[in-house]
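Participant: requesting a structural model of the entry that follows:
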Amino acid sequence: MRLWTLHPSLLDRQGLTAVWREGLLAQAVLLGRTKGYTAHPQLDRFRAHADPEAAIGAYLAGVQEEATRRGYRYDAERIAVPPHGEVEAIPATAGQLEFEWGHLLRKLAIRSPELHEAHAARLTRDSHPLFVIVPGDVEPWERGRE
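Facilitator: Alright, predicted model coming up:
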């Protein structure tokens, strides 16, 4: 499961589709609708939120908005708790954002070389609107950290 801190606009088609599916799985876990993935560390930051269901709903809404912008049809009705008003942002570290940027570039180099080339020159790494970037290293829950 990869719930990207990066903005969904940075993902290729495969990445956007995967994060939508994985976000829906995360939603099911947070709502107690599945027995699998309940201890997945990617869910820690959502569980720490004052309203985890609203937080994952806001996350999914951001992914769905990007999909719509690209002309894809991701069913917004699948978001169990759609955001109504502003959802409190989740802090995410600059180190985590950088770690994910490198991870994404490695994936894009293999499956979307043209997008990789365009992204490799970027100086900024935008985050998903749910997150506010704060100073810090890679998050402790990140499995692939060094």
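
Participant: mind listing the strands for the chain?
Facilitator: 90-93, 131-134 (DSSP state E).

Participant: list the buried residues of the helix or strand of the chain with the lowest mean pLDDT.
Facilitator: Ranked by mean pLDDT, DSSP states H and E, the helix or strand of the chain with the weakest confidence is helix 113-120, at a mean of 92. By neighbour count on 16 or more other Cβ atoms under 10 Å, the buried set for helix 113-120 is 115-116, 119. The C-beta positions use only the backbone N, C-alpha and C, and glycine is treated the same way.

Participant: just put these in JSON lines and tack on distance to L16.
Facilitator: Compiled in JSON lines, the buried residues of helix 113-120 are given as follows (distance: Cβ to Cβ, whole Å):
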{"residue": "L115", "distance to L16": "11"}
{"residue": "H116", "distance to L16": "15"}
{"residue": "H119", "distance to L16": "14"}
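
Participant: looking at the strands of the chain, which is nearest to G144?
Facilitator: Closest of the strands of the chain to G144 is strand 90-93, at 14.7 Å (criterion: Cβ to Cβ).

Participant: the closest one - contacts with which helices or strands?
Facilitator: The criterion is 3 or more Cβ pairs under 8 Å, 6 or more residues apart in numbering; DSSP states H and E, and the helices and strands that strand 90-93 contacts are helix 44-47, strand 131-134.

Participant: which strands and helices sit next to the least confident helix or strand of the chain?
Facilitator: helix 94-111.

Participant: which residues touch the helix it packs on?
Facilitator: 4-6, 10-12, 14-15, 115-116, 119-120, 125, 127, 133-139, 142, 144-145 (Cβ atoms under 8 Å, 6 or more residues apart in numbering).

Participant: ok so, going back, so which of the strands of the chain is the most packed in?
Facilitator: strand 90-93 (a mean of 18; mean count of other Cβ atoms under 10 Å).
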